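>>> Mind folding the following:
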Amino acid sequence: MKRRNFIKRTSLATGGMFFVPQFLKAFEHGLPKLNNYKKLVIIQLKGGNDGLNTIVPFRNDIYYQNRQRIGIQKSELLNLNSELGFHKSLLPLKRLFDNGYVSIINNVGYPNPNRSHFRSTDIWQTASDSNQYLQSGWVGRFLDETNAKPYGAIEVDESLSLMLKGNNQNGLAITNPKLFHRLLNQPFFDNVFNKYSSDSHLSEHNLGYLYNTMIDAKSSAAYIYEKTKTTSSTIDYPKNAFGKQLKTISEFISSGIDTQIYYAGLTGFDTHANQTNRQSRLLKVYAESIEAFVKDLEKNDQFKDTLILTFSEFGRRVKQNGSNGTDHGTANNVFVIGKDLKKNGIYNALPNLKDLDNNGDLKFSIDFREVYATLLDKWLGIDNNKILNKRFSNLNFI
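As a prediction, the model looks like this:
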């Protein structure tokens, strides 16, 4: 059996983290030092957040004509300017906005949009064209290109998303460094190390490969645990799963661990029915958690070197449906949060509701890969063409 197939067919899982030989494979190329201290935190609002009810064009009659039951009145909004307002649940984000820490990029999408959650998520995670199917994520290819450590990118979850999977190198999916360390110090692994330590076993191609990568994994688990075990945030985060994710990321960053990219997500935005209360609750969770996260980064003098990118795999349709909700749409807004943004506030105009596509959906004006290209070129310090497989122009938010 070829090593690649051997690795793909072998798996091991445990509560609190996801551990597979695809992850072990990440140690194959050694552990060189990172050459950039900048951090990028990527957050996905999973399910397709309704951007039009997040940043509301309250002076646009077409908006209210299409959303007679779910449209949000001006009196219920947090004014951003004379035409736009935040959803009222975003008050904590509004405070960050008023401090100049937020850039709102509108009409972000891609040509020939796909309205499937799974496919559109793959497109965003791999940075592919809509008719192109890639097996590696753009963050994974960043790890490949920079020969980074496997913990150069960490997803705070129990399984690893395609975004963090490279052709030769994978990131880590981990929720608890202590549990991660404890797993690799279980008697099972000690027995494996002791039993298969002879040269005769190590000469077996697949077994030797797995054995050696397990040794590296155990060493890395010890490194992560030792770096993070004395770091504990004192900021009061919301008591929910998303708040816990961001608290964990803050503790990772503050510990000095050599990780450049973090990935987390908030689920539940597929609001086909009864959208108003559901979206309101989710946006509140998002905004309160983000504000606590930024306070934590500021307290530890890490905010100046950290950017936070928030996206959703697509927006919603302009016209509400018959269930007081919205169906899958296309272009959406993206939030970039950071201390020294070159262009904060409203980056560009909202979509033209008079000029929709043939399906009655928003037209994109900024390719999402231009956002990635800007982050790669200007923040992470690597030519975007090497990661995105073709060159995209830069934006001016940093």
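
>>> looking only at pLDDT, what's the mean for the host helix or strand of residue 125?
Per DSSP states H and E: residue 125 is located in helix 117-126. For helix 117-126, mean pLDDT rounds to 98.

>>> got it, and stretch 254-265?
96.

>>> ends of it, how far apart?
End-to-end span of stretch 254-265 (Cα to Cα, to the nearest Å): 20 Å.

>>> List the buried residues of that stretch.
254-255, 257-265 (16 or more other Cβ atoms under 10 Å). Where C-beta positions appear, they are placed from N, C-alpha and C, glycine not excepted.

>>> so residue 374 sits in a helix?
Yes: read with DSSP: H, G, I helix; E, B strand; the rest coil, residue 374 is one of the residues of a helix.

>>> is it true that it touches residue 398?
Yes: if you go by Cβ atoms under 8 Å, residue 374 and residue 398 touch, sitting 6.5 Å apart.

>>> if you count what's nearby, which of those two comes out ahead?
The neighbour count for residue 374 versus residue 398, taken as other Cβ atoms under 10 Å, is higher for residue 374 (21 against 17).

>>> Quick one: the strands in the stretch 1-150 of the chain, in order.
Per DSSP state E, counting those that start in this stretch, the stretch 1-150 of the chain carries strands over the ranges 12-14, 17-19, 39-46, 55-57, 78-79, 84-86, 102-109.

>>> which stretches of the stretch 101-250 of the chain have low pLDDT?
189-190, 192-219 (pLDDT under 70).

>>> So which residues of it form helices?
Remark: helices assigned in the stretch 101-250 of the chain by DSSP state H, counting those that start in this stretch are 117-126, 138-146, 177-183, 187-195, 199-202, 205-228, 241-255.

>>> The second one vs helix 117-126, what angle?
Read that as helix 138-146. 30 degrees (axes from the mean of the first three to the mean of the last three Cα atoms, to 10 degrees).

>>> Which secondary structure elements does helix 138-146 sit against?
Applying 3 or more Cβ pairs under 8 Å, 6 or more residues apart in numbering; DSSP states H and E, one finds that helix 138-146 contacts strand 153-155, strand 261-267, helix 384-388.

>>> so how far is the shortest one off the chain centroid?
The one in question is strand 153-155. In terms of Cα atoms, centre = their mean, to the nearest Å, the centre of strand 153-155 is found 9 Å from the chain centre.

>>> for stretch 300-316, same thing?
For stretch 300-316, the gap between its own C-alpha mean and the chain's C-alpha mean amounts to 8 Å (Cα atoms, centre = their mean).

>>> before we move on, back to that, need the max-distance pair from the buried residues of stretch 254-265.
Distances among the buried residues of stretch 254-265 were taken as Cβ to Cβ; the most separated pair is 258 and 265, at 23.1 Å.

>>> just to revisit the earlier point, buried by neighbour count: which residues of the helix holding residue 125 qualify?
So for helix 117-126, counting by 16+ other Cβ under 10 Å, buried means 117, 120-126.

>>> What is the subsequent helix or strand relative to the helix or strand containing residue 292?
With secondary structure defined by DSSP H and E, residue 292 is part of helix 275-299. For helix 275-299, the succeeding helix or strand toward the C-terminus, using DSSP H and E, is strand 306-311.

>>> between that next one and helix 241-255, how many degrees?
150 degrees.

>>> got the buried residues for strand 306-311?
Along strand 306-311, these residues count as buried under the neighbour rule (16+ other Cβ under 10 Å): 306-311.

>>> Over to stretch 153-163?
By 16+ other Cβ under 10 Å, the buried positions in stretch 153-163 come out as 153-158, 160-163.

>>> One more: stretch 61-71?
63, 66-67, 70-71.

>>> measure it end to end?
End-to-end span of stretch 61-71 (Cα to Cα): 10 Å.

>>> ok, residues contacting it?
Stretch 61-71 is contacted from outside by 52-53, 56-57, 275-276, 318-320, 324-326, 353-354, using Cβ atoms under 8 Å, 6 or more residues apart in numbering.

>>> Now list the buried members of those residues.
52-53, 56-57, 275, 318-320, 324-326, 353.

>>> Tell me the confidence at the residue nearest to the spatial centre of the chain?
The centroid of the chain falls nearest to residue 42 when counting by Cα atoms, centre = their mean (3.1 Å). If you check residue 42, the pLDDT there is 98.

>>> Isn't residue 267 up against residue 47?
Yes: with contact defined as Cβ under 8 Å, residue 267 counts as touching residue 47 (6.2 Å).

>>> Those two: which is more packed in?
More neighbours surround residue 47 than the other of residue 267 and residue 47, with 23 against 12 (other Cβ under 10 Å).

>>> So the more buried one is in contact with residue 314, correct?
No: with contact defined as Cβ under 8 Å, residue 47 does not count as touching residue 314 (9.5 Å).

>>> which residues touch the helix holding residue 125?
The contact list for helix 117-126 (Cβ under 8 Å, 6+ apart) reads 44, 46-48, 110, 113-114, 128-130, 133-138, 161-163, 270, 311, 313-314, 328, 368.

>>> And for stretch 225-234?
Stretch 225-234 is contacted from outside by 177-178, 180-181, 247, 250-252, 254-257, 296, 299, using Cβ under 8 Å, 6+ apart.

>>> Pull out the buried positions in it.
By neighbour count on 16+ other Cβ under 10 Å, the buried set for stretch 225-234 is 225, 227-228, 231, 233.

>>> What subset of the contacts of stretch 225-234 is buried?
177, 180-181, 247, 250-252, 254-255, 257, 296.

>>> quick revisit: any chance of the helices and strands packed on helix 138-146 in TSV, plus distance to residue 333?
Listed next are those as TSV, based on distance: least, Cβ to Cβ, whole Å:
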stretch	distance to residue 333
strand 153-155	23
strand 261-267	15
helix 384-388	21
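
>>> Out of those, the one nearest residue 82 is which?
strand 261-267 (30.4 Å).
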